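Asker: Coordinates for the following, if possible.
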Amino acid sequence: MNKVIIIGSGPAGLTAAVTCADKGLDVLVIDEYMIAGGRLLGQLYEQPDGTWWNGIKESNHLHQQALDLGVKFHLNIPVSNIEKKDESWIVYTEQKTFHANNLLLATGAAESPVPVPGWTLPGVMSVGAAQVMTNVHRVKPGERGVIIGVNVLSSAIAMELQLAGVEVACLTLPKLNQVTYDSAHPKKVLDSLLHVSHMAPSQFVKLGSKLMKNDFMKKLGVTFYPKNGIKMWDIPIQLRKAVIEIYGKDQVEGVTIATINTDGEVIPGSEEKISADFVCIAGGLYPLAELASVAGCPFYLVEELGGYVPLHNERMETTLDGLYVAGNITGIEGAKVAAAQGLTAGLTIAYNSGFEVLENDIHASIQAIEQTRDSAYIQFHPDVKEGKKIVQEQWENYVTTNLKLKSV
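Answerer: Prediction:
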């Protein structure tokens, strides 16, 4: 039997593992976390049809499917290096070295919190850490918190914290500087929020978002945005205030915020203090693609996908024989899209291992990725389809260039 190693046990990795094992391939999944599921573990939200998406339930189901099909798991083991020798991929970990004919990188994404004065105090964490503490470990990060950074991820986690009985005093912006420009400029933040306005429980917010279709209306929206914010899930979303400092002696005691103008600049004398025992910083997500880089896979910076992504095609193949990618390593999207990519990757691996009757299945799975993307409830990057188009064009250029080189 051909052996497949999958690094990452999130929705993409687990779905690929189930798909490969179902075709009779010998599959091993490696993950640095102690529980399979990846970012699925922290997800809990209500879907448009009124049902609840429970990430733990979804991950447990996929994990059990994989186990029933004979997939082996090595959890709580970080991977330090990968390399190709002859026809085999070698995966190095702290405990053991593994070999495989096919290697799938489903390493997911990482957070990039923006620096804020006082962020080294105990009680300051990323929003993802607060989500894991609350939804996975059932431990409150605190009683009353402030979330710095207004985006899709922080909005969703704010709702989850409130469901867990944790008070969120407000979602607000970081102070404007060169590093925080995109996340601290009110108009840029408003632009990003308009793409997820359908999530708002407030009809006022939903109606207002439909009116702001051009730059003039957006500018008016920022100018007349209430200084104390608009409430969603009873949490003030403040686009005209910014945290200039997190304060406390031995731990977080609160934040100092100030009113900002439409360009994000602090208005002197508007400072005020908000008490809190924890602070979350939300700077967004970026693809975790270091292992693909180590392997020698070409990269491209695609802002529409959240950062640097390895070059790959629609079948989730990279430029290196036997190396595949799926999930957020290919661009920041939701768990359902990642799982759909995992299915395509699993089918492609099986096809390249001799199951040539899967061509139609692969084609259908690629279409399913697009359909899942189009119907996604949450989109982290509104121009993700343009980003995917950029990667596909780069792939076609790569293939054309290599064909020319081989013909010389």
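Asker: Please, where are all the helices along this structure?
Answerer: All helices of the chain, identified by DSSP state H, fall at 11-22, 55-68, 127-131, 152-163, 181-184, 186-194, 203-211, 215-223, 290-295, 335-352, 359-374, 384-407.
Asker: would you put the C-alpha positions of the last one in CSV?
Answerer: What follows is the C-alpha trace of helix 384-407 in CSV, where atoms were taken according to Å, rounded to 0.1, in the frame of the first residue of the first chain:
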residue,chain,number,x,y,z
VAL,A,384,-10.7,35.6,-2.0
LYS,A,385,-11.9,34.5,-5.4
GLU,A,386,-9.6,37.1,-7.0
GLY,A,387,-6.8,35.7,-4.9
LYS,A,388,-7.5,32.2,-6.1
LYS,A,389,-7.5,33.4,-9.7
ILE,A,390,-4.0,35.0,-9.1
VAL,A,391,-2.6,31.7,-7.8
GLN,A,392,-4.1,29.8,-10.8
GLU,A,393,-2.6,32.2,-13.2
GLN,A,394,0.8,31.8,-11.5
TRP,A,395,0.4,28.0,-11.8
GLU,A,396,-0.3,28.2,-15.5
ASN,A,397,2.7,30.4,-16.0
TYR,A,398,4.9,28.0,-14.1
VAL,A,399,3.6,25.0,-16.1
THR,A,400,4.1,26.9,-19.4
THR,A,401,7.6,28.0,-18.5
ASN,A,402,8.7,24.5,-17.5
LEU,A,403,7.3,23.0,-20.7
LYS,A,404,9.4,25.4,-22.7
LEU,A,405,12.5,24.6,-20.7
LYS,A,406,12.0,20.9,-21.2
SER,A,407,11.6,21.4,-25.0
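Asker: buried stuff in that helix?
Answerer: For helix 384-407, burial by neighbour count (16 or more other C-beta atoms under 10 Å) applies to 384, 387-388, 390-391, 394-395. C-betas here are computed from N, CA, C, even on glycine.
Asker: And for the shortest one?
Answerer: Using 16+ other C-beta under 10 Å as the test for burial, helix 181-184 gives 183-184.
Asker: which residues does the residue nearest the centre of the chain contact?
Answerer: Geometric centre of the chain, nearest residue: residue 332, 4.7 Å, by C-alpha atoms, centre = their mean. Going by C-beta atoms under 8 Å, 6 or more residues apart in numbering, residue 332 touches 109, 284-287, 305-307, 380-381, 384.
Asker: Distance to residue 95 and pLDDT for those residues - can I get that in JSON lines?
Answerer: Listed next are these as JSON lines, based on distance: C-beta to C-beta, whole Å; pLDDT from 0 to 100:
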{"residue": "109", "distance to residue 95": "25", "pLDDT": "95"}
{"residue": "284", "distance to residue 95": "33", "pLDDT": "88"}
{"residue": "285", "distance to residue 95": "28", "pLDDT": "92"}
{"residue": "286", "distance to residue 95": "28", "pLDDT": "95"}
{"residue": "287", "distance to residue 95": "26", "pLDDT": "97"}
{"residue": "305", "distance to residue 95": "33", "pLDDT": "95"}
{"residue": "306", "distance to residue 95": "31", "pLDDT": "93"}
{"residue": "307", "distance to residue 95": "30", "pLDDT": "94"}
{"residue": "380", "distance to residue 95": "34", "pLDDT": "81"}
{"residue": "381", "distance to residue 95": "36", "pLDDT": "81"}
{"residue": "384", "distance to residue 95": "37", "pLDDT": "93"}
